[in-house]
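[1] predicted model, plus sequence, below.
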Amino acid sequence: MKELHLLIVTHHASEDEVDKCIPGHRAYLEKFHARGVFVASGPSVPRELGGAIIATGVSRAELDDIIAEDEFVRQGVSSYRVVTINVRRQHPAMEALLEQLAGAEASP
């Protein structure tokens, strides 16, 4: 069964405090996008509310470890809420993408 995790990031600090953590947060995003764990990410509109990330290919326990690496979390300026979706229906392009990502995970 294919699972997608929707990570909802909520900021709890001032915009200045959040901004100080952005370089570390961006490095974190790049790391997990490169590994194929993060499929999409971006700020909410308006940005000061937080943002969202779509992740796949990891268990909830692994995801908790990944979230703990985020500079926003490490500095205590943001928190995550995770909604896991058991994908039953999707656009054909999304199905192909999920299959491609699953194949990449299986590769050594």
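    Right, received. Where do you want to start?
[2] for stretch 71-83, which positions count as buried?
    71-73, 77-78, 80 (16 or more other CB atoms under 10 Å). C-beta coordinates here come from the backbone N, C-alpha and C atoms, glycine included.
[3] report the next helix or strand after the helix or strand that contains His33 in sequence order.
    Using DSSP states H and E, His33 sits in helix 15-34. Downstream of helix 15-34, the first helix or strand assigned by DSSP H and E is strand 38-43.
[4] can you name the residues in contact with that next one?
    The contact list for strand 38-43, computed with CB atoms under 8 Å, 6 or more residues apart in numbering, reads 4, 29, 32-33, 50-56, 97, 101.
[5] mind showing which ranges of this protein have poor pLDDT?
    1, 103-108 (pLDDT under 70).
[6] for the helix holding His33, packing partners?
    In terms of contacts (3 or more CB pairs under 8 Å, 6 or more residues apart in numbering; DSSP states H and E), helix 15-34 is packed against strand 38-43, helix 71-74.
[7] mind putting the ones you listed into JSON lines with distance to Val9?
    Converted to JSON lines, the helices and strands packed on helix 15-34 look like this (distance: least, CB to CB, whole Å):
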{"stretch": "strand 38-43", "distance to Val9": "9"}
{"stretch": "helix 71-74", "distance to Val9": "7"}
